[in-house]
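Trainee: The following block contains a protein sequence and its predicted model.
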Amino acid sequence: MSSSQPVTTPNALNFTPDNKRAYAYSGVKGINNSVAELIGFSTNSETFDARIQFFVNNISNDDVEYIIKFNDVQVLAFLQPQTYQSSSGGYVPIHMIIPPFTDVSITLQNKTDSSTLDHSCSITGNVYGMTEVGYQ
């Protein structure tokens, strides 16, 4: 079975019909020198064993700051020179356990200048503590 949720869901965490996996996709967003949220959602009773992956569509000399917050507390931040990117445009995935009842915010900002760089983010993984629905 497949989920009936939309493919791009930057403000929601979606679940597979069996409630064993979750996902959110930001879609492509232009990131400039203003802080831009790529993905934001809240967990409920589930624990989310997440894999977060960032992608950039255009290589430049700009530095981009990536920030992940749980309940408005910064839990991860890094400044990445875009010249570090490989030709495939994807970073090494970040693995995190997201606890129940957590507001998650994933933001980016171009720290070099006001030029716009196209980025996207995906978050996928297993969830635990959800109600069993009987799907296999």
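Mentor: Sure, I can see it. Numbering: from 1, shown residues only.

Trainee: Pass me the low-pLDDT residue ranges in the chain, would you?
Mentor: 1-10, 59, 82-90, 131-136 (pLDDT under 70).

Trainee: all strands for it, in order.
Mentor: Along the chain, the segments classed as strands by DSSP state E run 14-15, 21-25, 29-31, 36-42, 47-56, 63-70, 73-81, 94-98, 103-110, 117-128.

Trainee: how far off strand 63-70 does the fifth one point, in degrees?
Mentor: With axes from the mean of the first three to the mean of the last three C-alpha atoms, to 10 degrees defining the directions, strand 47-56 sits at 170 degrees from strand 63-70.

Trainee: what comes into contact with strand 47-56?
Mentor: For strand 47-56, the external contacting residues (C-beta atoms under 8 Å, 6 or more residues apart in numbering) are 13, 22, 64, 66, 68, 82, 85, 89-91, 93-100, 106, 108, 117-129. (C-beta placed from N, C-alpha, C; glycine too.)

Trainee: Buried residues of that strand, list them for me.
Mentor: Under the neighbour-count criterion of 16 or more other C-beta atoms under 10 Å, strand 47-56 has Thr47, Phe48, Asp49, Ala50, Ile52, Phe54, Phe55, Val56 buried.

Trainee: and if you look at the third one?
Mentor: Of the residues in strand 29-31, Lys29, Ile31 count as buried by neighbour count, 16+ other C-beta under 10 Å.

Trainee: Who are the packing partners of that strand?
Mentor: Contacts defined by 3 or more C-beta pairs under 8 Å, 6 or more residues apart in numbering; DSSP states H and E place strand 29-31 against strand 36-42, strand 103-110, strand 117-128.
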